[in-house]
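>>> pasted the sequence and its predicted model underneath.
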Amino acid sequence: MTNQFEWTGQVGNVWAAEWQRTDRSFTPVTHRLLEAAQSQGFAQALDIGCGAGELAVSLAAEAPSARVIGVDVSDELLGIARERGDALPNLRFELCDAAAWTPGEGERPDLLVSRHGVMFFDDPVAAFAHIAGEAAPGANLIFSCFRERKENAWVRELASALPPGEGPKPDPNAPGPFAFGDRDRVAGILADAGWREIDFEPIDYPMLAGEGPGAVDEALSYFLRIGPAARAVASLEGKQREDALAGLRNVMERNLSDTRVTLPAACWIVTARAPG
């Protein structure tokens, strides 16, 4: 989950296969994004890093007189999105990097949204400056992103089950899931790119990983497919792997309540306005 190459390869394939469980894990974030987006009103929306399309499909269904475009670099994820939005004539999806996207005639968006899809730009200032230049004057930007790694207990919980040194230790500012965790850095990126009226709303929510009679097994299988533990466990062998799997199961069991496994997550809802 660090660069465009990964999203166009194995990572994109896995997320396409897991889109239903991934959408479920982001449900509280999705609801807040849609609430914020729909309160603004819009005629043309762009969903940046739309993935399997949940946000774009919801916006198009709720505003049939508006037009919605979703862009992503993963053809596999877009295949799912197109199936989900097939019945909506005001919706389409494009295989494209948002940092280089250009609208067609009459398609300059007055609303730009993203659910955890903006943290992967190689040059975020240039990307957001380009997006601002392609947007309608005064367009609204609304996106979610994880807050800093240390604020996301689900990461610490998963890392606690791994051998020392196996947890991810990336550059916190490098493209990746936590690249936009630092509020001051994100505000600086957006301001340097020309955006104004920048604001941050902190959201704490339960990340649902498994539910029902087999909630623990489902949650374990999910985190072995997606997230920071998946790659680490895949690289282990023998007793180290067995111990890591046992540790992860223990994490799931500790976070089981009423047939649901949830882990604490923390994100920002970021809003801004394009130049007028």
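Ah, there it is. Worth saying up front: this structure is predicted, and the values here are computed from it rather than measured. Residues are numbered from 1 along each chain as shown.
>>> hey, let's count contacts and neighbours off CA atoms from now on
Fine.
>>> please enumerate the strands of this protein.
For the chain, the strands defined by DSSP state E cover 44-48, 67-72, 91-95, 111-115, 140-146, 196-211, 256-257, 260-273.
>>> tell me which of those strands lies nearest to residue 175.
Of all these, strand 140-146 sits nearest to residue 175, with 12.1 Å by Cα to Cα.
>>> now what about the closest one, what contacts it?
Defining contact as Cα atoms under 8 Å, 6 or more residues apart in numbering, one finds that strand 140-146 is touched by 29, 33, 36-37, 40, 110-119, 152, 177-178, 180-181, 265-274.
>>> and those, which are buried?
Neighbour-count burial (16 or more other Cα atoms under 10 Å) applied to the contacts of strand 140-146 gives 29, 33, 36-37, 110-119, 152, 177-178, 180-181, 265-274.
>>> hang on, isn't residue 138 packed against residue 109?
No: if you go by Cα atoms under 8 Å, residue 138 and residue 109 don't touch, sitting 10.0 Å apart.
>>> comparing those two, which residue is more hemmed in?
Neighbours per residue (other Cα atoms under 10 Å) separate residue 138 from residue 109, with residue 109 holding more: 26 against 17.
>>> okay if I get the strands of the chain as JSON lines plus mean pLDDT?
Below are the strands of the chain laid out as JSON lines (pLDDT from 0 to 100):
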{"stretch": "strand 44-48", "mean pLDDT": "98"}
{"stretch": "strand 67-72", "mean pLDDT": "98"}
{"stretch": "strand 91-95", "mean pLDDT": "98"}
{"stretch": "strand 111-115", "mean pLDDT": "98"}
{"stretch": "strand 140-146", "mean pLDDT": "98"}
{"stretch": "strand 196-211", "mean pLDDT": "98"}
{"stretch": "strand 256-257", "mean pLDDT": "97"}
{"stretch": "strand 260-273", "mean pLDDT": "98"}
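>>> list the buried residues of stretch 192-207.
Going by neighbour count (16+ other Cα under 10 Å), the buried part of stretch 192-207 is 193-196, 198, 200, 203-207.
>>> give the contact list for the most centrally placed residue in the chain.
Centroid-nearest residue in the chain: residue 116, 2.4 Å away (criterion: Cα atoms, centre = their mean). Contacts for residue 116 (Cα under 8 Å, 6+ apart) come out as 49, 143-146, 177.
>>> do the same with residue 256
By Cα under 8 Å, 6+ apart, the residues touching residue 256 are 215-216, 262.
>>> name the member of those with the most neighbours.
residue 216 (25 neighbours).
>>> wait, doesn't that residue sit right on residue 210?
Yes: contact criterion Cα under 8 Å: residue 216 and residue 210 qualify, at 6.3 Å.
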